[in-house]
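Undergrad: please work out how this folds:
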Amino acid sequence: MSDKKTSPAVDARVRKVVIPVAGLGTRVLPATKSIPKELLTVVDRPLIDYVVEEARQAGISDIILVTGRGKGAIEEYFDHAFELEATLRDKGKTALLDDLVANIPAAGAVSYTRQQAPLGLGHAVWCARTLVGDEPFAVALPDEISAGGPGFLSELVASFNEVGGNLVAVEEVPREQTSKYGVISPKSRDGDLIAMDGMVEKPAPEDAPSNFRIIGRYVLQPDIFEILATQPRGAGGEIQLTDAMQTLNARQPFHARICSTPIHDCGSKLGWLMANVDMALKREEFSEGLTGYLKARLPV
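TA: Reported below is the predicted structural model:
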């Protein structure tokens with residue numbers, strides 16, 4: 001039996017999610033020169049909206065956004081737009097108004113804290129320590145969105161409720177692609193749940209301990225904050241969350257959950273384009289027209 005112990009917590013439920021949104025979005029420039037990456041739309045909703053909805057579906061009630069300079073528009077998105085709402089109401093566009101208002105979180109459900117320097121993902125998560133407190137919490141990176149299904153966070157939270165400890169979401173990739181990702185080192189497997197020995201960042205295919213790459217969804221114990229507080233800077237001169245998780249993995253149980261939900265990585269231009277096409281094809285009001293257009297455009 002492992003001697004690793006899970007940290008005691010005030011509440012064993014996962015009630016809070018930290019969503020880092022302070023990044024510059026350099027992979028999708030020039031679009032992000034004046035628009036926060038998280039507000040780029042996939043069909044008719046911004047990326048951040050998909051992630052917040054995913055958290056709601058997982059039963060998470062408290063959204064913590066770690067912002068930075070130039071990200072004020074994200075706060076505006078999650079607030080009432082009184083002039084717009086009044087205009088829609090006056091013009092009798094009740095369906096549009098209802099849809100608009102339905103996406104606004106309840107008062108107090110969204111909190112904001114600021115990452116004042118670009119010191120990496122680990123530092124962004126650490127900036128949320130006071131808002132998280134002494135309880136397990138989720139982390140969701142807005143570059144990756146669920147393309148249908150229950151959502152990554154729902155699957156992770158369900159596994160957390162079974163085994164506790166710390167979890168990461170993973171998907172299987174071709175072994176020749178492991179050098180693009182962080183992958184897990186498995187210890188044992190029970191269905192879609194893998195007990196982990198650790199993580200390896202971008203290993204060569206011949207050296208990779210597995211071909212399960214880590215998705216940008218995590219459930220972590222609050223002990224991670226103590227580690228991040230003194231974590232030396234790692235790759236790129238930044239405080240890396242992966243490094244802190246490696247340290248925590250030596251002290252507490254870590255599992256990986258193989259997620260069944262399809263994934264769209266919108267952090268690249270091609271990934272964002274593919275997400276728009278795929279998500280539009282899933283919408284009844286767009287699928288027929290878009291299918292016809294694509295068939296006409298594609299060579300036989």
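
Undergrad: from now on I want contacts and neighbour counts done on CA atoms only, so please keep to that.
TA: OK.

Undergrad: can you give me the strands for this protein?
TA: 16-20, 41-42, 45-46, 62-67, 110-114, 137-140, 144-146, 166-172, 182-190, 193-201, 212-220, 254-258, 263-265 (DSSP state E).

Undergrad: just put those in TSV and tack on mean pLDDT, distance to W126 and mean neighbour count.
TA: Listed next are the strands of the chain as TSV, based on pLDDT from 0 to 100; distance: least, Cα to Cα, whole Å; neighbours: other Cα atoms under 10 Å:
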stretch	mean pLDDT	distance to W126	mean neighbour count
strand 16-20	96	10	26
strand 41-42	92	28	18
strand 45-46	92	25	14
strand 62-67	94	10	23
strand 110-114	92	11	17
strand 137-140	96	11	23
strand 144-146	90	21	23
strand 166-172	94	16	23
strand 182-190	90	20	17
strand 193-201	89	20	19
strand 212-220	93	12	23
strand 254-258	94	19	26
strand 263-265	90	24	19
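
Undergrad: pipe the ones you listed into JSON lines and attach distance to C127 per row.
TA: Output for the strands of the chain, formatted as JSON lines (distance: least, Cα to Cα, whole Å):
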{"stretch": "strand 16-20", "distance to C127": "10"}
{"stretch": "strand 41-42", "distance to C127": "27"}
{"stretch": "strand 45-46", "distance to C127": "24"}
{"stretch": "strand 62-67", "distance to C127": "7"}
{"stretch": "strand 110-114", "distance to C127": "7"}
{"stretch": "strand 137-140", "distance to C127": "13"}
{"stretch": "strand 144-146", "distance to C127": "21"}
{"stretch": "strand 166-172", "distance to C127": "19"}
{"stretch": "strand 182-190", "distance to C127": "23"}
{"stretch": "strand 193-201", "distance to C127": "23"}
{"stretch": "strand 212-220", "distance to C127": "15"}
{"stretch": "strand 254-258", "distance to C127": "23"}
{"stretch": "strand 263-265", "distance to C127": "25"}
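
Undergrad: out of these, nearest to D98?
TA: Across the strands of the chain, D98 has its closest neighbour in strand 45-46 (15.0 Å, Cα to Cα).

Undergrad: if we look at the closest one, which residues are touching it?
TA: Residues outside strand 45-46 that contact it (Cα atoms under 8 Å, 6 or more residues apart in numbering): 38-40.

Undergrad: buried subset of the residues you listed?
TA: 38-40 (16 or more other Cα atoms under 10 Å).

Undergrad: and the contacts of strand 45-46 as TSV, adding distance to V18 and pLDDT?
TA: Output for the contacts of strand 45-46, formatted as TSV (distance: Cα to Cα, whole Å; pLDDT from 0 to 100):
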residue	distance to V18	pLDDT
E38	14	92
L39	17	92
L40	19	93
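
Undergrad: I'd like the residues you listed as JSON lines, with distance to L97 appended.
TA: Output for these, formatted as JSON lines (distance: Cα to Cα, whole Å):
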{"residue": "E38", "distance to L97": "23"}
{"residue": "L39", "distance to L97": "20"}
{"residue": "L40", "distance to L97": "21"}
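
Undergrad: closest one of those residues to V168?
TA: Using Cα to Cα, those come closest to V168 at E38, 21.8 Å.

Undergrad: sketch out the helices for this structure, chain order is fine.
TA: Assigned by DSSP state H, the helices in the chain fall at 47-57, 72-77, 82-90, 94-102, 121-126, 129-132, 152-163, 224-229, 241-249, 269-281, 284-297.
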